[in-house]
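Colleague: fold the following for me, if possible:
(2 chains)
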Amino acid sequence: MDDVKSGEVIEEPATARPRLTVREEIVGYMQRNPTLPWGLWILVGLLLFSLFARLYVEDVEHYRPLSAGAFLSPSGEYPLGTDSHGRDLLAVNGLGVLNTLMLGLLAGLIGVGVATVLAFMAAYYGGWLDAVVRLVVDVGLTIPSLLIMVLIAIAVQGIDLWMMALVISSTSWLWPTRTIRSQVLTLKERAYVEVARLSGMRGIEIILKELVPNLLPFIIASLVTTTASAILASIGLEALGLGPPDDPTLGMTIHRVITYGGVIMGSWWWWLAPTILITLVFIALYLINLGTDELANPTLRRTA
Amino acid sequence: MLVVWSAATINFFLPRMSGRDPVRARLAAQAMKGVSIGKGIDKIVETYDKKFGLDVPLTQQYINYLGDLTRFDLGPSFSRYPMTVSQLIGATLPWTLGLLLTSTVFSFVFGSIFGALVAWPSTPDWVRSISPMFFAFSAIPYYLLGLFLLYFFAYTLKWFPGAGGYQLGTIPEPSLEFAIDVLKHSLLPAFSIILSSLGFWAIGMRGTMIMVEGLDYMTLAEAKGLKGRTILWKYGLRNALLPQITSFALSLGFVVSGAVLVEIVFAYPGIGLLLFNSIKQTDFPVIQGIVLTLIGAIATATLIIDVGLPFLDPRISRGDN
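Modeller: Okay, the predicted model is just below:
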């Protein structure tokens, strides 16, 4: 599929084009892929909202129950209202959006990190290691990851944000392992890898010096998708009631809305804010994903 | 087969690796509720361990467990004791199957047709103009869309009931009234699944349809002077549908886990709500039973599609010729 891989494209001869500075390079990329800045702006907006919430509420600890009266509709004091247990929802959502994003990023980083190591080892060395990795990935991807995570989460006691990230990363490495592995497989047959091998480089050296730098854009792009699916998974798990009970996250808010009948009682402010925030998170990550397509797949640049 | 076996194995070893003693945990919970358990606790634990077969070595337990599984014997539930896990799942499974099958088939068929129309050059503009709406819906998880629908149609407009599978107080019976009641209760959950997955199928269909349109046999069909409609349905759609079925097999797991969460939002008495309640009551056997049932179902469905696909599409062969 991708005959032209990053190797040749990134190290384009200086004669073909005037050398661009890093800044010009970035600006040019953004202009060619306008969805990337759009996605980033939405993310910045979400962070600003979080900052605003932090500054607006007099005490950040108001995300805890009994900080205010129950079921208050939005007012000057509580711009997003309060829930059934008297949590100030501005504090909950402000901290929640940050926690949810961090959770996703952490699980994404762990997942892609594990995937990168496994995929490179498996694809480069092959043999039984490759067979085992391939089998585990094939089996693991058939089972819905939410169900695996349910099993793990019920076995863990006293779950917090960090545990949660670990639980999610238990399945988030599967997909990137498969995609990165197939990229390494096509890459390792290239002439320059062969040259490196003949010039006496050891396996590890070839992986670190020749293969990893060339696949870095692809790895970054798969970090975006992995983070998005990690966030989706975290919200699903939390909605089921397997999230961290003491930390404010968007998914836990959804869980409480469902458990305490927030929709049927007509407290629209309770579910509307987290729903909009979650949707914005997904849209932002989707746009960034579209925007990094060119990074992952440089052949697109030629046709564009 | 391998999938089911590995899922069963994970299911068996995970709780045992967590180092929690289920019998002691249960007794501690009882003690908190005021049941006094004095010095005899070790004796009690021993008796229960024997009863649940926990006194034999781990390998023997594992073999017993696999044996029980083949007979669909998942043991008794913790929180609703005399009921067994299989009974509980058996009672909820028809609800989930009914909801999921109808809404998935519906959204698959209409999503595919819609996607084909969007890609077809001579489609009226209004069809194309509503497409971004469905594509946008597909970015929102099922259950969040469910919250919106619940608020507008059940709370504000009061057109549909907001919870349950049928009116409380009525007895399930095979009458027309009851059937209408069930239908009314299932419309909102089904609608939220359809609305958000329609776009997913449409996007996939549009992609393959555009590819198919460029192929030689389409040009030939046009050159033969066939009517546009015949070309669209008989030549384009039929060929573009095959990759759709493959992607259907791949996304089954996603569909199922989404439906589980939709049931929770609408308190629909299916397997998802049972899972939700069992998690609240830390009813491990039921949770594990549900997870295993769902994985088994998905593995079976995937197998059926895998085996069936070569019959539908002669281009895919088993590789032995």
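
Colleague: going forward, measure contacts and count neighbours with C-alpha atoms only.
Modeller: OK.

Colleague: helices along the stretch 51-200 of chain B, start to end?
Modeller: According to DSSP state H, counting those that start in this stretch, the stretch 51-200 of chain B carries its helices in the segments B:58-70, B:85-119, B:125-129, B:131-137, B:142-149, B:176-213.

Colleague: which one of those is the most hemmed in?
Modeller: Most buried of the helices of the stretch 51-200 of chain B by mean neighbour count (mean count of other Cα atoms under 10 Å in any protein chain shown) is helix B:142-149; its value is a mean of 23.

Colleague: tell me the mean pLDDT over that helix?
Modeller: For helix B:142-149, mean pLDDT rounds to 80.

Colleague: what packs against it?
Modeller: Secondary-structure packing of helix B:142-149 (3 or more Cα pairs under 8 Å, 6 or more residues apart in numbering or on different chains; DSSP states H and E): helix B:176-213, helix B:238-265.

Colleague: for A:Leu174, see how far away A:Ala119 is.
Modeller: As judged by Cα to Cα, to the nearest Å, A:Ala119 and A:Leu174 stand 10 Å apart.

Colleague: mean pLDDT and distance to chain A added to the helices and strands packed on helix B:142-149, as JSON lines?
Modeller: Below are the helices and strands packed on helix B:142-149 laid out as JSON lines (pLDDT from 0 to 100; distance: least, Cα to the nearest Cα, whole Å):
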{"stretch": "helix B:176-213", "mean pLDDT": "80", "distance to chain A": "13"}
{"stretch": "helix B:238-265", "mean pLDDT": "79", "distance to chain A": "5"}
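
Colleague: nearest to A:His62, out of the ones you listed?
Modeller: Distance to A:His62, taken as Cα to Cα, is lowest for helix B:238-265 among the helices and strands packed on helix B:142-149, at 26.6 Å.

Colleague: extract the CA atoms of the helix or strand following the closest one and return them as PDB.
Modeller: Next in sequence after helix B:238-265, counting helices and strands by DSSP states H and E, comes helix B:271-280. Extracted as PDB, the C-alpha positions of helix B:271-280 are listed here (Å, rounded to 0.1, in the frame of the first residue of the first chain):
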ATOM      1  CA  ILE B 271     -28.200  -8.300  29.900                       C
ATOM      2  CA  GLY B 272     -26.600  -4.900  30.200                       C
ATOM      3  CA  LEU B 273     -28.800  -3.800  33.100                       C
ATOM      4  CA  LEU B 274     -28.100  -7.100  34.800                       C
ATOM      5  CA  LEU B 275     -24.400  -6.400  34.400                       C
ATOM      6  CA  PHE B 276     -24.800  -2.900  35.900                       C
ATOM      7  CA  ASN B 277     -26.800  -4.200  38.900                       C
ATOM      8  CA  SER B 278     -24.400  -7.100  39.500                       C
ATOM      9  CA  ILE B 279     -21.500  -4.600  39.500                       C
ATOM     10  CA  LYS B 280     -23.300  -2.600  42.100                       C
END
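
Colleague: and the closest residue in space to A:Asp130 that isn't next to it in sequence, its phi and psi?
Modeller: Closest residue in space to A:Asp130, ignoring its immediate chain neighbours: A:Ala122 at 4.2 Å, by Cα to Cα, 6 or more residues apart in numbering or on different chains. Dihedral pair for A:Ala122: phi -60, psi -50, per degrees, to the nearest 10.

Colleague: over to A:Thr82?
Modeller: Main-chain torsions, A:Thr82, degrees, to the nearest 10: phi -130, psi 160.

Colleague: looks like it contacts A:Trp270 (just checking).
Modeller: Yes - using Cα atoms under 8 Å, A:Thr82 is in contact with A:Trp270, at 7.2 Å.

Colleague: skipping adjacent residues, who's closest to A:Thr292 in space?
Modeller: Excluding its sequence neighbours, the residue lying closest to A:Thr292 (Cα to Cα, 6+ apart) is A:Ala221, at 5.8 Å.

Colleague: B:Gly146 now?
Modeller: Nearest one to B:Gly146, counting by Cα to Cα, 6+ apart, is B:Ser192 at 5.3 Å.

Colleague: was I right to think the one you found contacts B:Leu145?
Modeller: Yes - using Cα under 8 Å, B:Ser192 makes contact with B:Leu145 at a distance of 6.0 Å.

Colleague: show me what counts as buried in the helix or strand harbouring B:Ile305.
Modeller: Element membership for B:Ile305, per DSSP H and E: helix B:284-312. Across helix B:284-312, burial judged by 16 or more other Cα atoms under 10 Å in any protein chain shown covers B:284-299, B:302, B:305, B:309.

Colleague: likewise for stretch A:26-38?
Modeller: Buried residues in stretch A:26-38 (16+ other Cα under 10 Å): A:29-30, A:33, A:35-38.

Colleague: how about JSON lines for the residues you listed, with secondary structure, distance to A:Leu198 and pLDDT added?
Modeller: Formatted as JSON lines, those follow (DSSP: H, G, I helix; E, B strand; the rest coil; distance: Cα to Cα, whole Å; pLDDT from 0 to 100):
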{"residue": "A:Tyr29", "secondary structure": "helix", "distance to A:Leu198": "36", "pLDDT": "82"}
{"residue": "A:Met30", "secondary structure": "helix", "distance to A:Leu198": "39", "pLDDT": "82"}
{"residue": "A:Asn33", "secondary structure": "coil", "distance to A:Leu198": "39", "pLDDT": "81"}
{"residue": "A:Thr35", "secondary structure": "helix", "distance to A:Leu198": "43", "pLDDT": "83"}
{"residue": "A:Leu36", "secondary structure": "helix", "distance to A:Leu198": "41", "pLDDT": "86"}
{"residue": "A:Pro37", "secondary structure": "helix", "distance to A:Leu198": "43", "pLDDT": "88"}
{"residue": "A:Trp38", "secondary structure": "helix", "distance to A:Leu198": "46", "pLDDT": "89"}
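
Colleague: keeping just the C-alphas, turn the one helix or strand A:Ser182 maps to into PDB.
Modeller: Per DSSP H and E, A:Ser182 falls inside helix A:174-187. The C-alpha trace of helix A:174-187 is given here as PDB (Å, rounded to 0.1, in the frame of the first residue of the first chain):
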ATOM      1  CA  LEU A 174      -3.500  -4.500  21.200                       C
ATOM      2  CA  TRP A 175      -4.500  -2.400  18.200                       C
ATOM      3  CA  PRO A 176      -1.300  -0.300  17.900                       C
ATOM      4  CA  THR A 177       0.800  -3.400  18.200                       C
ATOM      5  CA  ARG A 178      -0.900  -4.800  15.200                       C
ATOM      6  CA  THR A 179      -0.500  -1.700  13.100                       C
ATOM      7  CA  ILE A 180       3.000  -0.800  14.100                       C
ATOM      8  CA  ARG A 181       4.200  -4.400  13.600                       C
ATOM      9  CA  SER A 182       2.900  -4.400  10.000                       C
ATOM     10  CA  GLN A 183       4.700  -1.100   9.400                       C
ATOM     11  CA  VAL A 184       8.000  -2.500  10.800                       C
ATOM     12  CA  LEU A 185       7.600  -5.600   8.600                       C
ATOM     13  CA  THR A 186       7.500  -3.500   5.400                       C
ATOM     14  CA  LEU A 187      10.300  -1.200   6.600                       C
END
